[in-house]
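[1] this one's structure only:
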């Protein structure tokens, strides 16, 4: 049976999930939509495989910028190869579900992991986002918000060029 | 605010919003950062019976479409203390600062703004208010900031773009929980300036309905803004169970 994995990028780290019984649900979006709100049902279908917390705030910012641009970093590559147990020269027997096709094509080019991004995957990721703090045991709900806050500030500040005097240097 | 110590602050029908009654009435929110104004707005200090002071900030409906919608008599804004809000089109963060007051320390406001110039003021404002997460990114591409945002209860959208219904739907598909709510401000001129405003509003509401939104009410923002409407509704509203026969 083909295995189906999900990659979820959070502000505190990368998380890999495995989806069970994908054939039973079929690709019925309506059924997924109904099941994601209930953690009891959703937790039976989707299970956490591995979680890679970011080493530091700087590391998180680098990962966030790369994810935003659709680029796979070395850390993400190591995380995926370690947990998906890629064998050289063998065709992998699984699929990886992702939120965005651009990063998916980059991952496929580099590692030959078959990636998928469609409405069905996005629905599953909605469920993961909703229940994320309950999947990761050591993570309190406020921790994720703190990570988002710190990352949001550093991500945004890098985009805005600051001028202490609030005087804009006009480019003519 | 004129009236000095005679000013009385009463809770508004919407939780988290207050009315200051002095010489004139004004809409106010409880200041999360007492002693500081964000954009030069007036502040009101009220003394409690036990001597502690609470500071409120005056919310100008001419500068904020959400305040205009509240004064326009909208039934429910869904933005309540403790709520998680995704705010699209945050600009310099004037309304965002009031939303931050409204949701209080237990809530979160994800403020998305694309313009770097107003984004700078937004980031500076967010430094003082720890429940505001600034995101300088294009709201058309929620995938770019998917790492920064969690599931939210309400999306407030004030992007004034021709494709704003699509922008709202895209963000909702990523971040708005089932049964969550949206508040969208529609500026008729920004979408189509050749047809009457009412026709534009009706067309936008129809677009929203196609994207699993369920608009429940619509108010115009007269006399504060011309040809603006504010539409409120639910998202992926769960179907009511049929009563057992």
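    In hand now; what should we look at? Keep in mind that this is a model prediction, so the values were computed, not measured.
[2] mind giving me the packing neighbours of the helix or strand hosting residue B:119?
    Assessed by DSSP states H and E, residue B:119 sits inside helix B:116-128. Under the contact definition 3 or more Cβ pairs under 8 Å, 6 or more residues apart in numbering or on different chains; DSSP states H and E, helix B:116-128 sits against helix A:141-159, helix B:94-103, strand B:108-113, strand B:132-136. To be clear about C-beta, it is placed using only N, CA and C from the backbone, and glycine gets the same treatment.
[3] dump the ones you listed to a markdown table, plus mean neighbour count, distance to residue A:133 and mean pLDDT.
    Shown next, in a markdown table, are the helices and strands packed on helix B:116-128 (neighbours: other Cβ atoms under 10 Å in any protein chain shown; distance: least, Cβ to Cβ, whole Å; pLDDT from 0 to 100):
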| stretch | mean neighbour count | distance to residue A:133 | mean pLDDT |
| --- | --- | --- | --- |
| helix A:141-159 | 18 | 5 | 90 |
| helix B:94-103 | 26 | 19 | 96 |
| strand B:108-113 | 28 | 13 | 96 |
| strand B:132-136 | 28 | 16 | 95 |
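[4] just the angle between the longest strand along chain B and helix B:94-103, please?
    Secondary structure of chain B per DSSP state E: the longest strand is strand B:176-187. Between strand B:176-187 and helix B:94-103, the angle comes out at 140 degrees (axes from the mean of the first three to the mean of the last three Cα atoms, to 10 degrees).
[5] hmm, back to that, can you lay out the helices and strands packed on helix B:116-128 as TSV showing distance to residue B:46?
    Output for those, formatted as TSV (distance: least, Cβ to Cβ, whole Å):
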stretch	distance to residue B:46
helix A:141-159	30
helix B:94-103	15
strand B:108-113	25
strand B:132-136	24
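[6] of all the ones you listed, which lies closest to residue B:47?
    helix B:94-103 (19.2 Å; Cβ to Cβ).
[7] on that earlier part again, which one of the helices and strands packed on helix B:116-128 lies closest to residue B:29?
    Taking the helices and strands packed on helix B:116-128 one by one with Cβ to Cβ, helix B:94-103 is closest: 3.7 Å.
[8] returning to that earlier point: now do the buried residues in the helix holding residue B:119.
    Neighbour counts over helix B:116-128 (16 or more other Cβ atoms under 10 Å in any protein chain shown) mark B:118, B:119, B:120, B:121, B:122, B:123, B:124, B:125, B:126 as buried.
[9] near chain B, which residues of chain A?
    A:9-11, A:33, A:36-37, A:63-64, A:67-68, A:99-100, A:122, A:126, A:129-130, A:132, A:144-145, A:148-149, A:151-153, A:155-157, A:159-162, A:166, A:168 (Cβ under 8 Å from any Cβ of the partner chain).
[10] now do the same for residue A:105: helix, strand or coil?
    helix (DSSP: H, G, I helix; E, B strand; the rest coil).
[11] please name the bridge partners of the nearest residue to it once chain neighbours are set aside.
    In this structure, residue A:105 finds its nearest non-sequential neighbour in residue A:115, 7.2 Å apart by Cβ to Cβ, 6 or more residues apart in numbering or on different chains. Counting by DSSP bridges, residue A:115 is bridged to residue A:96.
[12] and residue A:115, how many neighbours?
    20 (other Cβ atoms under 10 Å in any protein chain shown).
[13] now swap in the one 5 residues further on and tell me
    Counted by other Cβ under 10 Å, the residues lying close to residue A:120 total 17.
[14] so it is in which element?
    Counting by DSSP H and E, residue A:120 is part of helix A:119-135.
[15] for that helix, what is the average pLDDT?
    On average, the pLDDT along helix A:119-135 is 89.
[16] what is it packed up against?
    Counting contacts by 3+ Cβ pairs under 8 Å, 6+ apart, helix A:119-135 is packed against strand A:3-9, strand A:13-19, helix A:29-35, helix A:39-45, strand A:46-53, strand A:94-97, helix A:141-159, helix B:164-175.
[17] can you list the buried residues in it?
    Residues of helix A:119-135 classed as buried by neighbour count (16+ other Cβ under 10 Å): A:120-133, A:135.
[18] the inter-axis angle of it versus strand B:176-187?
    110 degrees.
[19] what parts of chain B come near chain A?
    Counting by Cβ under 8 Å from any Cβ, chain B sits next to chain A at B:108, B:110, B:116-117, B:119-120, B:122-123, B:126-127, B:130, B:133-137, B:143-151, B:173-175, B:177-178, B:236.
[20] from chain B, how far off is the closest residue to residue A:98 other than its chain neighbours?
    Leaving aside its chain neighbours, residue A:98 sits nearest to residue A:104 (4.5 Å; criterion: Cβ to Cβ, 6+ apart). Using Cβ to the nearest Cβ, to the nearest Å, residue A:104 is found at 11 Å from chain B.
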